[in-house]
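In: 3D model of this:
(chains A and B, ligands or ions: 2)
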Amino acid sequence: MDILRFGVRFISDSVHGAGYTTRLCFAAVGRFHGVLRRFKMVLEQMYVCGIKPLPVVVIVGIFTGIILAYQTGLELDRFGQREKIADIIGIVLAREMGPFITGLILTASVGAAMAAELGTMKVSEEIDAIEVMSIDPIDLLVMPRVLALTIMCPLLAFVVDIVGILGGGFISESQLQIPWTLYLRQVAESLETPAKTLPLPKDLFTGLLKAVLFGLTIASVGCSAGLRATGGALGVGRATRGAVVIAFTLLIIFGYYMTWFFYP
Amino acid sequence: MITLEKVNKAFAGRRVLVDYDLQVNDGETFVIIGPSGIGKSVTLKHIVGLLQPDSGTIRVDGVDVTNANPKELRDVRSKIGFLFQGGALINWMTVGENVALPLRENRTLRLKDAEIEAMCREKLALVNMASEANKFPDAISGGMRKRAALARVLVAKPGIVLYDEPTAGLDPRMSSTICNLINDVKRQFGVTAIVVTHDLPLAYAVGDRMGMMHLGKLIEVGTPAEVRASKNPIVRDFLEGRPIQSVEEESKLGLAP
Ligand SMILES: Nc1ncnc2c1ncn2[C@@H]1O[C@H](COP(=O)(O)OP(=O)(O)OP(=O)(O)O)[C@@H](O)[C@H]1O
Ligand SMILES: [Mg+2]
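Out: Ligands and ions are numbered 1, 2, ... in the order given. Predicted structure coming up:
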């Protein structure tokens, strides 16, 4: 009986949470036009979301490229196709790994911080105080965070793409004896198919579009978890944990569906 | 005018407000006293719509707060200043920015930065906090946070002020300062106020009427003089600070679940 009740409660909480998060996301996006009034906050958040995680993003990006090149390079070599390495690195990074790695890093750092910050404000009655002052907490707190992360996530994903390709090039040159010039030319060739809407390579474009959606998701989930926190420090911990788990899960699911949509 | 009619509220089966009635007239200061954990803060949160009653009606200047649409609720809230028990200063803003917040965010006022700054400085001076404007809330003491929060409440010139323990954590002289401030604000702006407090000298000094909370309602509503002369043993025990003798007594007073 208890298990049944627990299950029902779990499902109803999840449905409520998903509904709240979706509404919050739309509400935040619907307030993007007020960006000028919140310009300072948005800039601050862009710094927190985009510049501060830069070192870890660069390091992880380089090593992603290195590992990718190393593992696939060894296999390709067995089939005598080591020169294909550049195509694989370019496409895999631009389509999948760039946005995904960025999403993971931002979820664990920025998304978790958003949940913790807003959660702390919630349990210490700061959010209540904001509401009683007739200030819209979504406009004051959520909109700048969502906007900043939605802008910064694709930019960071682009950084990962670039440094990952460089990392891969480093391995190609040192381990597989493919010269840099050849490697870079082949990466460029592999990404040649243009996108329909923008003068960008399609693989790069779809990858960055994914990153936009990831940024939106991570910020919305983080803020939503924070605003729903109850019960002191424990509640803030719960909210943060929930935000990270849910954002990870959604990233994987959304990533799959976007791949499926663009490469049917 | 603030009216609560037959308001009921329970948390997880524990009844905190039981057929709670309260009427505070325009320009009046009403003091609510009562033991810790009895539901005084919960009462105030109902008035601003932060908590919803299970049943009953709450009106502020004729507007039914419980069933108000977002616009009506915003209008009601913009008339009310709420001093939270813990201050509820925004952590990542300085004291000065906190006090400026209600002015900056009010788009109908259209104040210039210099005007906002002058108004904030004036209110901070009223609570003896002028020199702390550039500090962050976690760098000042609890009593200072309370005073800064009071400045933030008063800067918006509310017509109704709800004070949740305005003098808790303050030293005697600072308590008297705040006590005078509450009376000044009332005299100058004719505000309607509810003061929740354990501080009996404050209660007697600012209250036009007062009432004691017991088992989810107000008992002994009257002028401070009437309440002080009350014969009700529960009120007498509270005013005289007679210690709680046993767990049974505690649960009889509704303090232990
Ligand atoms: N959001 C909430 N969820 C569950 N229970 C709550 C909530 N808010 C208050 N309570 C409970 O309601 C009761 C009254 O709380 P309240 O904060 O109003 O006490 P109080 O009279 O203000 O006490 P104090 O003088 O110590 O501030 C307490 O038992 C508290 O546990
Ligand atoms: Mg209280």
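In: where does the stretch 101-250 of chain B have low pLDDT?
Out: For the stretch 101-250 of chain B, no stretch has pLDDT under 70.
In: Helices along that one, start to end?
Out: Under the criterion DSSP state H, counting those that start in this stretch, helices of the stretch 101-250 of chain B are mapped to B:113-126, B:142-155, B:172-189, B:200-206, B:224-228, B:233-240, B:247-252.
In: Can I get the ones you listed in a markdown table including distance to chain A?
Out: For glycine as for every other residue, the C-beta is placed from the backbone atoms N, C-alpha and C. A markdown table is the format used below for those (distance: least, Cβ to the nearest Cβ, whole Å):
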| stretch | distance to chain A |
| --- | --- |
| helix B:113-126 | 13 |
| helix B:142-155 | 8 |
| helix B:172-189 | 17 |
| helix B:200-206 | 21 |
| helix B:224-228 | 28 |
| helix B:233-240 | 26 |
| helix B:247-252 | 24 |
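In: Go through the ones you listed and pick out the most buried.
Out: Each of the helices of the stretch 101-250 of chain B was assessed for mean neighbour count using mean count of other Cβ atoms under 10 Å in any protein chain shown. The highest is helix B:142-155, with a mean of 24.
In: Please see if that helix touches ligand 2.
Out: No - shown here: helix B:142-155 not in contact with ligand 2 (Cβ under 5 Å from the ion), separated by at least 12.9 Å.
In: what stretches of chain A score poorly on pLDDT?
Out: Ranges of chain A meeting pLDDT under 70: none found.
In: Which residue comes closest to whichever residue of it sits closest to chain B once chain neighbours are left out?
Out: With Cβ to the nearest Cβ, the shortest gap between chain A and chain B falls at A:Ala129, namely 3.8 Å. Leaving aside its sequence neighbours, A:Ala129 sits nearest to B:Ala88 (Cβ to Cβ, 6 or more residues apart in numbering or on different chains; 3.8 Å).
In: A strand includes the one you found, no?
Out: No - if the criterion is DSSP: H, G, I helix; E, B strand; the rest coil, then B:Ala88 is coil and not within a strand.
In: That one: neighbouring residues, count only.
Out: The burial count assigned to B:Ala88 is 25, neighbours taken as other Cβ atoms under 10 Å in any protein chain shown.
In: Just the pLDDT for it.
Out: According to the prediction, B:Ala88 has pLDDT 94.
In: my read: it touches A:Met121, true?
Out: No - contact criterion Cβ atoms under 8 Å: B:Ala88 and A:Met121 do not qualify, at 9.1 Å.
In: ok, back up a step: touching the strand or helix carrying the residue of chain A closest to chain B from outside, list them.
Out: In this structure, A:Ala129 sits in helix A:126-132 according to DSSP states H and E. With Cβ atoms under 8 Å, 6 or more residues apart in numbering or on different chains as the test, helix A:126-132 has contacts from A:118, A:120-121, A:137, A:140-141, A:227, B:45, B:48, B:50, B:77, B:80, B:82, B:84, B:88-91.
In: Show the buried residues in those.
Out: A:118, A:120-121, A:137, A:140-141, A:227, B:45, B:48, B:50, B:77, B:80, B:82, B:84, B:88-90 (16 or more other Cβ atoms under 10 Å in any protein chain shown).
In: Show me the residue of the stretch 151-264 of chain A that gets nearest to ligand 2, please.
Out: Per Cβ to the ion, A:Gly232 is where the stretch 151-264 of chain A lies closest to ligand 2, at 15.6 Å.
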